[in-house]
Structure formats: C-alpha cells, structure tokens
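[1] Have a look at this fold, sequence not included:
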C-alpha cells in the first residue's frame, strides 16, 4: 500500500511576507516531524506584483532568528491550476478567503479555509499584514504562524497516518 500524501498552499496578497513565512515555518516543522516528503508545501499571492522576488528581507530576518530559512523562496501568483493541485488552500485573512472562494472552480471550494482556523489561540482571526508596520508585526505573524502550523501539522499527520 502506498503512503498517503497531501498538499498545502498558503496564500496572502503578494507572497512576500505572510504566506512565505507560513510556508517556511510549516516546511521546517514537517521536516522535523519526518513527514515533509509526504506533504507538498507551497505559497502564492493573490496578485503578481512581486512575482519572482524573494520574501521581504524583514520576514527573512525575523524567521531566521527563530531557525526558519526563507531565503530560497520566490513569490508567485496563484493560478487556476492551484485550486486543483492542492488539498488545502489556506488564506491569511478574510479578504484572501473571500477572493479565493469567489474564484474557486467547481468542486474546489471545500479545499479553501482561513489558516488561523487551525489555531487555538487565534481561531477566526486574520494574520495581519506586517508589510507597512514595525518589527513587532513580523514577530506577531511568526507567533501566529508557529501555533497554527503546529496544529495543522497534527491534523495532517493524523490524516496521512490512517
């Protein structure tokens, strides 16, 4: 019997702050847990303004302080194929959630959720955009992403272990 696999796509506005942070943190946790090879992990932006660019240097710096490497990631825009290629498409905020659901092809709506719905501490909230803010905004994003990623990983490990 083949091992079960799954896939996760994190989505924010431009794919340079929140979603690459979530991708990097979640990938690190999946590797540490020994299941990274069974989970396709990626991130994308609603808009293509930053396509091909690395994450915001502040996001890279704050993530590195906690042991996460975002340096190889590059921004890309969400594609129609992503709706079919990913089992979970996780929006960073309610605006992204609304846009994702509004563009979802038939049969893919159930794959879309808000990322913090996996969080105990921040369930139902948005991951705030730190782009125009201070350093503490990037730390707050990391706090939220770490907690939600941990719970998401637990759910996925239970799913792929069945």
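    Great, that's in hand. Computed from a predicted model, the values in this text were never measured in an experiment.

[2] Now the lengthiest helix in the chain: average pLDDT?
    Longest helix in the chain by number of residues (criterion: DSSP state H): helix 135-160. In this model, helix 135-160 carries a mean pLDDT of 98.

[3] now stretch 8-25
    In this model, stretch 8-25 has a mean pLDDT of 99.

[4] Figure out the length between the terminal residues of that stretch.
    Distance across stretch 8-25, first residue to last, is 13 Å (C-alpha to C-alpha, to the nearest Å).

[5] Could you give me the buried positions within it?
    Buried positions in stretch 8-25, judged by neighbour count with 16 or more other C-beta atoms under 10 Å: 8-25. In this view, the C-beta of every residue, glycine as well, is placed from N, C-alpha and C.

[6] Now, those that are in strands?
    8-12 (DSSP state E).

[7] how about residue 29, what does it touch?
    149-150, 153 (C-beta atoms under 8 Å, 6 or more residues apart in numbering).

[8] do you know how far the closest residue to residue 149 other than its chain neighbours is from residue 106?
    Leaving aside its sequence neighbours, residue 149 sits nearest to residue 26 (C-beta to C-beta, 6 or more residues apart in numbering; 4.5 Å). Distance of residue 26 to residue 106, computed by C-beta to C-beta, to the nearest Å: 28 Å.

[9] more crowded one of these two?
    Neighbours were counted for residue 26 and for residue 106 using other C-beta atoms under 10 Å; residue 26 has more, 27 against 6.

[10] residues contacting the more buried one?
    8, 10, 41, 145, 149, 152-153.

[11] repeat that for 7 Å
    By C-beta atoms under 7 Å, 6 or more residues apart in numbering, residue 26 lies in contact with 8, 41, 149, 152-153.

[12] how close does it get to residue 32?
    Remark: distance between residue 26 and residue 32 (C-beta to C-beta) = 11 Å.

[13] cool, residue 139 as well?
    Distance of residue 139 to residue 32, computed by C-beta to C-beta: 21 Å.

[14] between these two, who's got more neighbours?
    residue 139 (14 against 11).

[15] And the helices in this structure?
    18-33, 57-65, 80-85, 94-103, 135-160.

[16] Of all the ones you listed, which one comes closest to residue 126?
    Closest to residue 126 of the helices of the chain is helix 94-103 (C-beta to C-beta; 5.8 Å).

[17] how about that closest one: buried residues?
    Buried-residue list, helix 94-103, by 16+ other C-beta under 10 Å: 96-97, 99-100.
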